[in-house]
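Student: next come a sequence and a model predicted from it.
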Amino acid sequence: MLTVDKLTKVYKTGDKALTDVSFTVPKGQVVGLIGPSGAGKSTLIRCVNRLVEPTEGTVRLNDLDITRLRAGELRRARRRIGMIFQEYALVERLTVMENVLSGRLGYVPFWRSFTRRFPGEDIAKAFRLLDRVGLSAHADKRADALSGGQRQRVGIARALEQDPELLLVDEPTASLDPKTSRQIMRLIVEICRESGLPAIINIHDVVLAQQFADRIIGLQAGRVVFDGPATGLTEAVLTQIYGEEDWTAMRQAAAEDEAAEAEQRDEAKKMMRAL
Amino acid sequence: MTDTAAPVSPGVSPGPYPTRWKRPPQMIKSRFWRYALAIGALVWLVLALGTIEVNWQRVMVGMERGQRFIAGFLQPDFTTRWRDISTGLIESLTMTLTSTVVGVLISIPIGIGAARNVAPGWIYAICRGIIAVSRALQEIIVAIFFVALFGFGAFAGFLTLTFATIGFIGKLLAEDIEDIDESQAEAIRATGASWFQLINYAIQPQVMPRLIGLSLYRLDINFRESAVIGIVGAGGIGATLNTALNRYEYDSAGAVLLIIIAIVMISEYSSGYLRRWVQ
């Protein structure tokens, strides 16, 4: 369980990125964090594992106050929090396998990671995860040889290799096409469901957020302006978060996208059967 | 005649817009100061040239020597002094390779320490200090110092080139580390990795090809420098060259110079090829 209490972040420049943000994420819940650019979504998610130092307030992961930890303790806490990034953030010149295994860095001593001699169970786990995300054939390729969707799958495998108790996901679909976006979101949510993993997903695409998240938190200028089930996202709420826009038309276009995708899937199934 | 006006591109109405445009002056806005500075610089140049004294008689004597030098260069003599040349050459190559290897090994920790994004403030200050000292002192000055300290010979040369390599590789490596893609480092940090693991997993893969390229580049700089510092007594092919020049044996000196040019060219081409290969 994650508890964020009265979190405030003021940058050195004086910009107030977050103001009194409080919420609780119970086990197994997938939270979609929506809001316009600059609303503080990225800052909020990075305050949870302290890639960004919060100014005030507390973050608790299962009764462990993350905001008070010292360097060594923070590293141990970080390995329990998996993170998936916007531009995948894979180490491009390392192999896919090394990228996945880097999820174990917090657990193994330096010499093991330096010589790439990870414990057998870590390696088995990495192979299993690569199989789960459909990339077992690519283990020895360099990360920069993969396509965008494949890279994000490696990113997901790396986060899961950590055995996380919480998943932080920062705009996982921002650099992907609509179809791949859906596949990636589906994969993330499926994995969370399988293992009862709570997740906070930053996402600027409202339709995707509604489709995949159990709960939506809306941020506007660093404040929580909406917190409720995905069905509660009415036109009025969206306008409050993002400003005036034709929401009905946007949803319609997205629904068409999805219908087309479903049709394609059926086609593919039919073809498989025919074969 | 009004309807035969010049053709107008669609969407652009022919309005009373200017047809001439000049780039506005960027640095000095005032026209007076622009001209004043230009004229001032010209006057200074002419006056400065006027103060150079040329001894034409000496130039004539020098021309003759220059001719002999070039003649020697055209008819290089590799054989007479071959023993000296080969000893000097081997000494230079040894000096070059050892100083590059040792220099690069020392400059890696210093370069990491001098990168603001991975090193704490006080380490940063110390490492930048070391780099600044190494870069401020020219090789010849350092060589004179080490020759005075350790005597004539290749050891002084080795120390000089190592010292110079630290400043060169340290600075460029530090700048390369500061230019890395931060998101990859952030991702590794988020896994709970320690500082050494961060360097090994996020920094090293990003800077390694360039570090190899820079080391190869430094290898051929060090060879060229070994010829120069030999002249002040730090051993190697430079010492051979110096001896040949002092004895007015321009044909042997020509041979030495040709060998230096050949080796620099070979290392230039092969390092270029290797750098493309490590990408």
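Tutor: In hand now; what should we look at?
Student: now A:Ile200: closest residue in space, sequence neighbours ignored.
Tutor: Taking Cβ to Cβ, 6 or more residues apart in numbering or on different chains as the measure, A:Ile200 lies nearest to A:Val31, with 4.9 Å between them; neighbours along the chain are not counted. For every residue, glycine as well, the C-beta is placed using N, CA and C.
Student: Three-state assignment for the one you found, please.
Tutor: Reducing the assignment to helix, strand or coil with DSSP: H, G, I helix; E, B strand; the rest coil, the entry for A:Val31 is strand.
Student: what bridges to it?
Tutor: Beta-bridge partners for A:Val31, by DSSP bridges, are A:Ile200, A:Arg215.
Student: for it, what are its contacts?
Tutor: Contact criterion Cβ atoms under 8 Å, 6 or more residues apart in numbering or on different chains gives A:23, A:25, A:198-201, A:213-217 as the residues in contact with A:Val31.
Student: could you list every helix and strand in contact with the helix or strand hosting B:Ala244?
Tutor: Using DSSP states H and E, B:Ala244 falls within helix B:237-246. Using 3 or more Cβ pairs under 8 Å, 6 or more residues apart in numbering or on different chains; DSSP states H and E as the contact criterion, the elements in contact with helix B:237-246 are helix B:82-113, helix B:204-230, helix B:250-278.
Student: separation between the residue of the stretch 1-150 of chain B found nearest chain A and A:Ala71?
Tutor: Among residues of the stretch 1-150 of chain B, the one nearest chain A by Cβ to the nearest Cβ turns out to be B:Pro120. It sits 11.5 Å away. Note on B:Pro120: its distance to A:Ala71, by Cβ to Cβ, to the nearest Å, is 11 Å.
Student: before we move on, what about B:Val101?
Tutor: Looking at B:Val101 against A:Ala71, where the rule is Cβ to Cβ, the gap reads 35 Å.
Student: neighbour count: the two, which is higher?
Tutor: Using other Cβ atoms under 10 Å in any protein chain shown as the criterion, B:Val101 and A:Ala71 rank with B:Val101 on top: 14 against 8.
Student: for the closest residue to chain A within the stretch 51-200 of chain B, which non-adjacent residue is closest in space?
Tutor: Among the residues of the stretch 51-200 of chain B, B:Gly192 lies closest to chain A, at 2.6 Å counting by Cβ to the nearest Cβ. Distances taken as Cβ to Cβ, 6+ apart place A:Gly106 nearest to B:Gly192, at 2.6 Å, with adjacent residues excluded.
Student: phi and psi next, for that neighbour.
Tutor: The phi and psi torsions at A:Gly106 (degrees, to the nearest 10) take the values phi -70, psi -10.
Student: surely it touches B:Thr191?
Tutor: Yes: at 5.6 Å, A:Gly106 and B:Thr191 qualify as touching, with contact defined as Cβ atoms under 8 Å.
Student: neighbour count: these two, which is higher?
Tutor: Using other Cβ under 10 Å, the more surrounded residue of A:Gly106 and B:Thr191 is B:Thr191, with 28 against 22.
Student: quick one: pLDDT of the more buried one?
Tutor: On the pLDDT scale, B:Thr191 is placed at 94.
Student: before we move on, back to that, how many residues are close by the residue of the stretch 51-200 of chain B closest to chain A?
Tutor: By the measure other Cβ under 10 Å, the count of residues near B:Gly192 is 22.
Student: ok, it - contacts?
Tutor: By Cβ under 8 Å, 6+ apart, the contact set of B:Gly192 is A:75-80, A:105-107, A:162.
Student: filter the residues you listed down to the buried ones, ChimeraX style.
Tutor: Per 16 or more other Cβ atoms under 10 Å in any protein chain shown, the buried members of these correspond to this ChimeraX selection:
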select /A:75,77,78,79,80,105,106,107,162
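Student: count of neighbours near the residue nearest to B:Ile131 when sequence neighbours are not counted?
Tutor: Using Cβ to Cβ, 6+ apart and skipping the chain neighbours, the partner closest in space to B:Ile131 is B:Gly170 (4.6 Å). Burial of B:Gly170 is recorded as 29 neighbouring residues (other Cβ under 10 Å).
Student: before we move on, what about A:Gly38?
Tutor: Each residue near A:Gly38 was counted by other Cβ under 10 Å, and the total is 13.
Student: pick out the most distant pair among the contacts of B:Gly192.
Tutor: The widest separation within the contacts of B:Gly192, taken as Cβ to Cβ, falls between A:Ala77 and A:Leu105 and amounts to 14.0 Å.
Student: coming back round to it: make a markdown table out of the helices and strands packed on helix B:237-246 and add mean pLDDT and distance to chain A.
Tutor: What follows is those, written out as a markdown table (pLDDT from 0 to 100; distance: least, Cβ to the nearest Cβ, whole Å):
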| stretch | mean pLDDT | distance to chain A |
| --- | --- | --- |
| helix B:82-113 | 93 | 14 |
| helix B:204-230 | 90 | 4 |
| helix B:250-278 | 85 | 11 |
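Student: and those helices as CSV, adding distance to A:Asp205?
Tutor: Shown next, in CSV, are the helices and strands packed on helix B:237-246 (distance: least, Cβ to Cβ, whole Å):
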stretch, distance to A:Asp205
helix B:82-113, 40
helix B:204-230, 31
helix B:250-278, 40
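Student: helix, strand, or coil at the residue of the stretch 51-200 of chain B closest to chain A?
Tutor: When states are read from three-state DSSP, the local structure at B:Gly192 comes out as coil.
Student: tell me which residues of the helix holding B:Ala244 come out buried.
Tutor: The neighbour-count check on helix B:237-246 (16+ other Cβ under 10 Å) flags B:237-244 as buried.
Student: where does the stretch 51-200 of chain A come near chain B, residue by residue?
Tutor: The stretch 51-200 of chain A has residues A:51, A:75-81, A:83, A:85-87, A:89-94, A:98, A:102-107, A:110, A:113-114, A:155, A:158, A:162, A:168 near chain B, with proximity defined as Cβ under 8 Å from any Cβ of the partner chain.
Student: how does it look with 6 Å?
Tutor: Taking Cβ under 6 Å from any Cβ of the partner chain as the contact definition, the stretch 51-200 of chain A meets chain B at A:51, A:75, A:78-79, A:83, A:85, A:89, A:91, A:93-94, A:102-103, A:105-106, A:110, A:113-114, A:162.
Student: just give the nearest non-adjacent residue to the residue most central in space within chain B, would you?
Tutor: Taking Cα atoms, centre = their mean, the centroid of chain B lies closest to B:Ile221, which sits 7.1 Å from it. Once flanking residues are discounted, B:Ile221 sits nearest to B:Phe168: 7.4 Å by Cβ to Cβ, 6+ apart.
Student: ok and the residue in the stretch 1-150 of chain A nearest chain B?
Tutor: Checked against chain B (Cβ to the nearest Cβ), the nearest residue in the stretch 1-150 of chain A is A:Gly106, 2.6 Å away.
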